[in-house]
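> Okay, here's the prediction I keep looking at, along with the sequence it came from:
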Amino acid sequence: MRLTGAQAMLKSLELSGVDVVFGLPGGAILPLYDPLIESSIRHVLVRHEQGAGHMASGYAHITGKPGVVIVTSGPAATNIVTPLCDAYIDSIPMIAITGQVAFGAIGSDAFQECDTVGITRSVTKHNELISSPDDIPRLVQEAFHIATTGRPGPVLLDLPKDIANTDMEWDPAIELTWGQDLDLPGYRPHIEIDSSAIAAAVELISGAKQPVIYAGGGLLRARAVEALAEFVELTEIPVVTTLMARGVFPDDHELCLGMPGMHGNYTAITAIQQCDLLLAFGSRFDDRVTGKVDAFAPKAKVVHIDIDPAEHGKIRQAEVPIVGDAREAIVAINKLLIDQGAARPDRTAWRSMVSGWQEAYPLKYDQSDTGYPLKPQYVLEQLRDLSPADTIVVSGVGQHQMWASQFWHFNYPYTWVNSGGLGTMGYAVPAAIGAKVASPDKTVWAVDGDGCFQMTSQELITAAAEGIPVKIAILNNSYLGMVRQWQELFYEERYSQVYLSPDHPDYVKLAEAMGCVGLRVDRAEDVAGVIEQANAINDRPVVVDFRVDEFEKVYPMVPSGGSNDVVIVGPEGDAELGLGAAPS
Amino acid sequence: MNARELDQLHILSVLVEDKSGVLARVASLFARRGFNIHSLAVAPTNRARFSRITVVVDLESAPLEQIIKQLDKLIHVVKIEELRPADAVERELMLVTVVKGEDPHDVLDIANRNGGYALDFDDDHITFSFGGAPKRLDVVERELAERGIRRIQRTGRIALPLLATES
């Protein structure tokens, strides 16, 4: 069967299970957009290519399948660099197809030419410039294989226009073995779990008096939720869930201690500091978690499960490194624990120490009786209590992200989508759209900041036009809030370029202009009513402008680079924060 | 170069798929992770599909284990061997244009003693080639430097494991 390169690409995507792509057409990718008209694949037409990338990320977070982006060459390719980098650092599977100028014109500074493969080399797990239409089926199979196996990540295929237009011979026989035609001698993602490491881990677990599980996003990528639940049931070891792992273990479970790190809660941070055994499952000792590495979990022996060999020993050398799939590893640990049938050591003292911290240092804030100024934490509590329990929460980056992670109760996996590693402002609106496309029956609330919202809000036009009814809660404090917080604490309240104004833009009018419902609240007493109103709207996107306290700060806080032994739990500790050298 | 510095230099023999951009992938990984390359040589192998990169890495910048693990994540990197100097044979080639000076016998003598070949000359200069173990070339280079080097190009070392140590 003769197909053009473009037809072969679309057919390859269909065979790879793609049901939706996020993209925007342009010159070099025109050949691929023509047969798209007849394809079964849904195309979501974005307003800016960065939006397509984050939508694909949101989609991948929810489904575990790679999100697919199709854009043209040059500026379109550079516009997806941020989402690629974001997906790379957060281990999100993604496939990007970029148009390229004709093969023979590469290097001639042709119109809308850029060195896409060169530019994206360090922000993708792998990329390829397609040099023949005959290679397309194999390269697409390899791209999906690479994106989804081992440590997941984004893969980019750069498709020159003439190759998309050139005929190739499509052999229908390849469809029978689709996904298996791989020629990757240098890629061996499956790593057999070392049973002696499992035995060593079980020995440490059985002997530990003060163990804690430091659960990371790798557990979600590895679909290890049930294995983790069984492990906790077997061992009754408390769990902290990192920013990337919120929901991997239910917040309402008595053994869940919540989020550790710079803005984690006191108990989660301190349990790690005081533990004698740190079970780092699918986590990577990110600096926002560890603070000063030398002072992190100083008494602990470490069992580290990670599928990426390079994460082992990168930051902290584990006593027991387990290289491989987190689900397989935890299942193996569970099996050995059951087989050995060993009695659990008495950890009553540890449990009561931990619950003592929980009682002494709960998350706190003060919503004044007058209801004004409105506290962002109050908005989040109301949003949490008035929305369905399995609501998907998507956030941008900054104060609102920390409050959302702190105050939501994540009791289901794959209900929290955010930009963890790269810290990409503007992530929330497009990622929420991707999440809603992946899970149309669930309520999707983006919790966004006013600064973040202005970076990518135009994608609400996409949402309105495509019938993707996401909901956006802007915690509008009229500042780049997290930066303002740092300037207050570490730069002697010298506020440099952080004021945005609450009224520019008028978020209600902007929402309406984009085909959404726009609502505004500035008093605590009105919050519940407006949230219920927003939750009842399912035929179009909703934007709620919550006018919140400009001066509210995120607590607890461990200053950057500081030891996690010093947790500032509230504003009364601000003086202590200001005493340190300016952190990085 | 003192002994401590030499200890920090390790040789990696990296078998890669001979695809366009593979050298850029390796080089940009080193740059991106802040790893220092001391020298680098790349050429096809006897198997058409593969090339071999011999890269000498400076461990002052990063632990060897981390460099190897990050390199191994590149899809086009097929196999990485660490060649410890004691377990490998190493060679390097050096082209050097030397000032003849008042008595050219002086530099010719250095060349003769070290297996150098004169490849080119004019009234004032001679260009030699020297092949040998990198440490030996260091010595030759120092000797010639005293006479005056006009230009020099070394290839960077290449290495293969000692047969006796190969498993």
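Arrived safely, thanks for sending.

> Just the strands from chain B, written as ranges.
All strands of chain B, identified by DSSP state E, fall at B:9-17, B:36-44, B:50-58, B:77-83, B:88-99, B:117-121, B:125-132, B:149-154, B:158-161.

> Redo these as TSV? Include mean pLDDT.
What follows is the strands of chain B, written out as TSV (pLDDT from 0 to 100):
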stretch	mean pLDDT
strand B:9-17	93
strand B:36-44	91
strand B:50-58	93
strand B:77-83	95
strand B:88-99	95
strand B:117-121	96
strand B:125-132	96
strand B:149-154	96
strand B:158-161	92
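
> Flag every residue of the stretch 201-350 of chain A that's near chain B.
Residues of the stretch 201-350 of chain A found near chain B (CB under 8 Å from any CB of the partner chain) are A:308-310, A:312-314. For the C-beta atoms, the positions are set from N, CA and C on the backbone; glycine is no exception.

> before we move on, back to that, among the strands of chain B, which comes closest to chain A?
For those, proximity to chain A was assessed by CB to the nearest CB; strand B:77-83 is nearest, at 4.1 Å.

> List, one by one, the residues from chain B near chain A.
Contact residues, chain B versus chain A (CB under 8 Å from any CB): B:16-17, B:20-21, B:24-25, B:28-29, B:32, B:63, B:65-66, B:69-70, B:72-79.

> Buried among the residues you listed? Make that a PyMOL selection.
Selecting only the buried members of the residues of chain B next to chain A in PyMOL, with burial defined as 16 or more other CB atoms under 10 Å in any protein chain shown, works like this:
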select buried, chain B and resi 16+17+21+25+29+66+69+70+72+73+74+75+76+77+78
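
> quick one on the thing from earlier: dump the residues of the stretch 201-350 of chain A next to chain B to TSV, plus secondary structure and neighbour count.
Below are these laid out as TSV (DSSP: H, G, I helix; E, B strand; the rest coil; neighbours: other CB atoms under 10 Å in any protein chain shown):
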residue	secondary structure	neighbour count
A:Asp308	coil	19
A:Pro309	helix	21
A:Ala310	helix	20
A:His312	coil	20
A:Gly313	coil	15
A:Lys314	coil	19
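
> ok, the residues you listed vs B:Leu93, which is closest?
A:Ala310 (33.8 Å; CB to CB).

> and that closest one, what is it in contact with?
Contact analysis of A:Ala310 by CB atoms under 8 Å, 6 or more residues apart in numbering or on different chains lists B:66, B:69-70, B:72-73.

> Now intersect those residues with the helices, please.
Among the contacts of A:Ala310, the members falling in helices (DSSP state H) are B:66, B:69-70, B:72.

> I'd like these as JSON lines, with distance to A:Val303 and pLDDT appended.
Formatted as JSON lines, the ones in helices among the contacts of A:Ala310 follow (distance: CB to CB, whole Å; pLDDT from 0 to 100):
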{"residue": "B:Gln66", "distance to A:Val303": "20", "pLDDT": "93"}
{"residue": "B:Lys69", "distance to A:Val303": "19", "pLDDT": "96"}
{"residue": "B:Gln70", "distance to A:Val303": "23", "pLDDT": "95"}
{"residue": "B:Asp72", "distance to A:Val303": "23", "pLDDT": "96"}
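
> need those residues in TSV with distance to A:Arg484, can you?
Output for the ones in helices among the contacts of A:Ala310, formatted as TSV (distance: CB to CB, whole Å):
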residue	distance to A:Arg484
B:Gln66	37
B:Lys69	40
B:Gln70	37
B:Asp72	43
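
> Okay, the residue lying farthest from the centre of chain B and chain A: tell me how far apart.
Outermost residue of chain B with respect to the C-alpha centroid, by CA atoms, centre = their mean, is B:Glu102; its distance is 32.4 Å. Between B:Glu102 and chain A the distance is 51 Å, computed by CB to the nearest CB, to the nearest Å.

> who's in contact with the longest helix along chain B?
In chain B, taking DSSP H as the definition, the longest helix is helix B:134-147. Residues outside helix B:134-147 that contact it (CB under 8 Å, 6+ apart) are B:1, B:90-92, B:94, B:96, B:98-99, B:101, B:106-107, B:110, B:114, B:116, B:130, B:132, B:149, B:152, B:154, B:157.

> Drop anything exposed from those residues.
Buried, going by 16+ other CB under 10 Å: B:90, B:92, B:94, B:96, B:98, B:107, B:110, B:114, B:116, B:130, B:132, B:154, B:157, out of these.

> The third one reaches B:Arg154, doesn't it?
Which is B:Met94. Yes: using CB atoms under 8 Å, B:Met94 makes contact with B:Arg154 at a distance of 4.6 Å.

> Strands of the stretch 451-584 of chain A, residue ranges please.
Ranges of strands in the stretch 451-584 of chain A, per DSSP state E, counting those that start in this stretch, are A:471-476, A:517-521, A:542-547.

> hey, which of the ones you listed is tucked in deepest?
With neighbours defined as mean count of other CB atoms under 10 Å in any protein chain shown, the strands of the stretch 451-584 of chain A peak in mean count at strand A:471-476, which reaches a mean of 29.

> Need phi/psi at the residue of the stretch 151-300 of chain A found nearest chain B.
For the stretch 151-300 of chain A and chain B, the shortest gap (CB to the nearest CB) falls at A:Gly186, measuring 4.1 Å. Dihedral pair for A:Gly186: phi -100, psi 10, per degrees, to the nearest 10.

> wait, isn't it in contact with B:Val78?
Yes: checked against CB under 8 Å, the pair A:Gly186 and B:Val78 is within contact range at 4.1 Å.

> shared neighbours of those two, which are they?
B:16-17.

> And for the host helix or strand of A:Ile269, what's in contact with it?
In the assignment (DSSP states H and E), A:Ile269 maps to helix A:266-274. Contact partners of helix A:266-274, identified using CB under 8 Å, 6+ apart, comprise A:210, A:212, A:214, A:238, A:240, A:257-261, A:278, A:296-300, A:353-354, A:357-358, A:360-361, A:556, A:558, A:564-565, A:567, A:569.

> Repeat that for stretch A:459-473.
If you take CB under 8 Å, 6+ apart as the criterion, stretch A:459-473 is touched by A:44-48, A:51, A:55, A:379, A:383, A:428-430, A:432-433, A:435-437, A:440, A:443-448, A:453, A:511, A:514-516, A:534-535, A:537-544, A:546.

> buried subset of those residues?
For these, a burial check counting by 16+ other CB under 10 Å picks out A:44, A:46-48, A:51, A:55, A:379, A:383, A:428-430, A:432-433, A:435-437, A:443-448, A:453, A:511, A:514, A:516, A:534-535, A:540-544, A:546.

> Sitting in helices, which of the residues you listed do you find?
A:51, A:55, A:379, A:383, A:428-430, A:432-433, A:435-437, A:453, A:511, A:534-535.

> helix/strand/coil for A:Ala110?
Classification of A:Ala110 using DSSP: H, G, I helix; E, B strand; the rest coil returns coil.

> tally of neighbours for the residue lying closest to A:Pro152 once chain neighbours are set aside?
Once flanking residues are discounted, A:Pro152 sits nearest to A:Pro93: 4.1 Å by CB to CB, 6 or more residues apart in numbering or on different chains. Neighbourhood size, A:Pro93 [other CB atoms under 10 Å in any protein chain shown]: 28.

> ok, now how distant is A:Pro93 from A:His126?
From A:Pro93 across to A:His126, the span is 12 Å (CB to CB, to the nearest Å).

> Can you work out which residues contact both of those two?
Each of A:Gly153 lies in contact with both A:Pro93 and A:His126 under the rule CB under 8 Å, 6+ apart.

> who are the neighbours in contact with the residue of the stretch 151-300 of chain A closest to chain B?
Going by CB under 8 Å, 6+ apart, A:Gly186 touches B:16-17, B:74-79.

> near chain B, which residues of chain A?
A:117-118, A:121-122, A:125-126, A:129, A:131, A:146, A:184-187, A:308-310, A:312-314.
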